[in-house]
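*Asks:* pasting the sequence and the predicted coordinates here, then a few questions.
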Amino acid sequence: MSDIAVAMHHVSKKFRKGELHTSLRDLIPAITRKLVGKGPVDSVDSREFWALQDISFEIPKGEAFGIVGANGAGKSTMLKLISRIMNPTSGSIEINGRLSALIEVSAGFHPDLTGRENIYLNGTILGMNRKEIAAKFDQIVDFSGLSEFLDTPVKRYSSGMYARLGFSVAAHVNPDVMIVDEVLSVGDFVFQKKCVERMKEVINSGATVLFVSHNLKTIADFCNRCLLVERGKMRMIGTPTEVIRTYMGTSRVSVIHDNSPVSVSNVRVRNAQGETMRFTSGEKVWVDVDVFARQACKKLAVVIYITDESYYGVFDTSTERLGHGNFNLEPGETFNCSFELRLNLASGAFRLQVFVYRYDNETEYDRWESGSCIYVETAVDVRGSANCFPKVVRHEVLPAQSALEFAQQTPLKDLPVAAAEEDV
Amino acid sequence: MLAQLRELYKYRELLLMIVVRDIKVRYKQSVMGLLWAILMPVLIVGAGILVRYAYAIAAHKPLDLADIVSVATKSVPWAFLVASIRFSTQSLIYNPNLVTKVYFPKEIFPIAAVLSQLFDMFIAGTVLAILLFVLKVGLGVQVLWVLPLLGILVLLAIGIGLLVSAGSLFYRDVKYIVEAFLTFAIFFTPVFYEVAMLGSRGKWLLLNPAAPILEGFSSIMRGRSPNLYWIGYSLVFSLVTTLFAYMLFKKVEPLFAESI
């Protein structure tokens, strides 16, 4: 056997847009039209599109390979082709070894069956046999942490429990090639940590792993190599760092509504030195926004919204809420504003979104979203979203004393709060 | 084709799991439980007795026990065939997650639908055997014919199941066509009557591949062997249908995920 686990040779996949003929009623006219050869022929070109075009790569055995790309770039299609759920329109795919796809881990569950029954069912669906499942049953149950609920039908499970059980089964299939599509984000924090550890075990056991994730940190942590897909085409293959940098650079601006009456035409974030991506916590930055009107619009406001990397909001404000009233635009006019912010954020990556919004009828006209993140660095080690510029103002060990003395003599109120917390 | 069959064999445990799942799910949270398995045959027998009774009155003949036994015996395999076709029609479209998210040979679904109905038929058959025993219907060695007849019937059911399951995945109309077809199929199949009752033209009804099998069951109950020529016809018909259906199914299978 070769050392290649997965190989794609010039793979392309075409899809049809719109509805297929899901009823014979549509099919019969379509066929007659074809036979007769006249009438409004469906313009085939406009109704078809290439989800993937000329994809070629090889993944050697034992490699953890990441695939990144924007929504709709073709990542999931690629995984479906590799897992043979779909066939490519042209090209060929070669897979060596047993493959297991964690595309939707709880796909095989039947709501009426109990957890125990579903472990066997789903395990079989994912390619294990009865003996293997029986041997790993305790491990699976242990991992899911659902031993109490094994004999409850899974329809009574919470969605978190559902996903946990699904992942637990899937993570214990020992495949040669494992496909992981965005499933590491199930369950609570503790479970996610377990998932990540389990994935590391799988990788260390020598399995080949294909990752698809929007969580670039996961990709960077796990993968040896990375592929960037852009609108169905290969953009680049390289180390995760290179690929992620390119990916974030390419998707800088995304105007969501292309033909709304007003749209955000330009957004710029800068500090005093003109830097646009990397900032120091606490420094002043300016967000310049241009709004262009195609049609007349009234009572508008510009909203800026900062989220962390996983789109969890940390800050938002708007021109109107800052006391500047709203503005009206005539066709062709541009509105320009500039926010001054003191960037009291903790270190990390953040995303900026800008909205054109009308408060009285709650209409969102346009949303601009930076594809890339802005990076904030702090001088000191603070975690979280905000930087409160902490300082330790007292840091000492007090002489030994008995508990009674401690209770009587330590006047808590006289100590700075930080010091008191450290001592207790 | 051989490679495809080999792959199906490789997934036999999954087939079994899906069969078990389908059976379990059918009887979960239901009060009647296994009684459901004999409900359909009992209804058919009831209707059959009514029809035969009317026939007996019209012909000024008494209603024979042998006639009732014959209707009862045919109702079980007929109920099986109807339910198999009905469930296999839905087998793919009711499992969209498994069709679009996981790879395995998808013919497992219609085949499992048929096999899970086999379980119901087994229950109904057991009840029928007990009844026959109580009624002291004597059966000879011809009873061994039951197995090959059932074999052909299962083959036929799988063949039709493959066709209608894939068909309804692409065109939802198939589901309604099948429903309408199944509602009236009983009139074109010798369940309530025997082909002989229609005189010489009745032979045409035997072209329905299920007819010779049911006639065969009827013959067994009357202590005769089935008509070998017509059974042979059913066998060939079922084999060809299933083979053709399987090849067609495998040909369109890659389109399932994007067409469902």
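*Replies:* Received the coordinates, thanks. Numbering: from 1, shown residues only, chains lettered A, B, ... in the order given.
*Asks:* chain A contacts on chain B?
*Replies:* Contacts of chain B with chain A, taken as Cβ under 8 Å from any Cβ of the partner chain, map to B:13-14, B:17-18, B:21, B:24-25, B:28-29, B:97-98, B:100-104, B:170-173, B:254, B:257-259. All C-beta spots, glycine's among them, are computed from the backbone N, C-alpha and C.
*Asks:* at the geometric centre of the chain, which residue sits there?
*Replies:* All of this refers to chain A. A:His214 (3.1 Å; Cα atoms, centre = their mean).
*Asks:* you answered for a different chain; I wanted chain B.
*Replies:* B:Leu81 (1.5 Å).
*Asks:* for chain A, see how far away it is.
*Replies:* Applying Cβ to the nearest Cβ, to the nearest Å, the value for B:Leu81 to chain A is 24 Å.
*Asks:* show me what contacts that residue?
*Replies:* B:153, B:156-157, B:210 (Cβ atoms under 8 Å, 6 or more residues apart in numbering or on different chains).
*Asks:* tell me the spacing between it and B:Gly46.
*Replies:* 19 Å (Cβ to Cβ, to the nearest Å).
*Asks:* next: B:Gly161.
*Replies:* 27 Å.
*Asks:* is B:Tyr193 in contact with B:Val51, as I believe?
*Replies:* Yes: the pair B:Tyr193 / B:Val51 is scored as a contact, 7.3 Å apart, by Cβ atoms under 8 Å.
*Asks:* more neighbours: those two, which one.
*Replies:* Legend: neighbour count by other Cβ atoms under 10 Å in any protein chain shown for B:Tyr193 and B:Val51, higher for B:Tyr193 (21 against 14).
*Asks:* look at that one and give its secondary structure.
*Replies:* Three-state call for B:Tyr193 (DSSP: H, G, I helix; E, B strand; the rest coil): coil.
*Asks:* show me the contacts for it.
*Replies:* B:Tyr193 makes contacts with B:51-52, B:55, as judged by Cβ under 8 Å, 6+ apart.
*Asks:* dump those residues into TSV; add secondary structure and pLDDT as well.
*Replies:* Shown next, in TSV, are these (DSSP: H, G, I helix; E, B strand; the rest coil; pLDDT from 0 to 100):
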residue	secondary structure	pLDDT
B:Val51	helix	87
B:Arg52	helix	86
B:Tyr55	helix	85
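*Asks:* and which of the residues you listed is nearest to chain A?
*Replies:* B:Val51 (34.1 Å; Cβ to the nearest Cβ).
*Asks:* show me the contacts for that closest one.
*Replies:* Here B:Val51 is in contact with B:192-193 (Cβ under 8 Å, 6+ apart).
*Asks:* gap between it and B:Pro77?
*Replies:* The value you get for B:Val51 to B:Pro77, if Cβ to Cβ is used, is 18 Å.
*Asks:* what does B:Thr241 give?
*Replies:* 17 Å.
*Asks:* comparing those two, which residue is more hemmed in?
*Replies:* A count of neighbours by other Cβ under 10 Å puts B:Pro77 above the other of B:Thr241 and B:Pro77, at 25 against 18.
*Asks:* tell me which element the closest residue to the more buried one other than its chain neighbours falls in.
*Replies:* Ranked by Cβ to Cβ, 6 or more residues apart in numbering or on different chains and with sequence neighbours excluded, the top spatial neighbour of B:Pro77 is B:Leu153, at 5.6 Å. If you go by DSSP states H and E, B:Leu153 is part of helix B:146-170.
*Asks:* what helices or strands is that helix leaning on?
*Replies:* With contacts defined as 3 or more Cβ pairs under 8 Å, 6 or more residues apart in numbering or on different chains; DSSP states H and E, helix B:146-170 has these neighbours: helix B:65-91, helix B:108-134, helix B:173-185, helix B:210-221, helix B:228-252, helix B:256-259.
*Asks:* could you pull out the buried residues of stretch B:245-258?
*Replies:* Across stretch B:245-258, burial judged by 16 or more other Cβ atoms under 10 Å in any protein chain shown covers B:245-246, B:249-250, B:253, B:256-258.
*Asks:* stretch B:119-132 too?
*Replies:* Those would be B:119-121, B:123-125, B:127-128, B:132, for stretch B:119-132 by 16+ other Cβ under 10 Å.
*Asks:* ok, stretch A:295-302 next?
*Replies:* A:297, A:300-302.
*Asks:* again with stretch A:107-120
*Replies:* In stretch A:107-120, counting by 16+ other Cβ under 10 Å, buried: A:107-110, A:112-115, A:117-120.
*Asks:* so which of the residues you listed belong to helices?
*Replies:* A:115, A:117-120 (DSSP state H).
*Asks:* tell me the one of these nearest A:Thr77?
*Replies:* A:Asn118 (28.1 Å; Cβ to Cβ).
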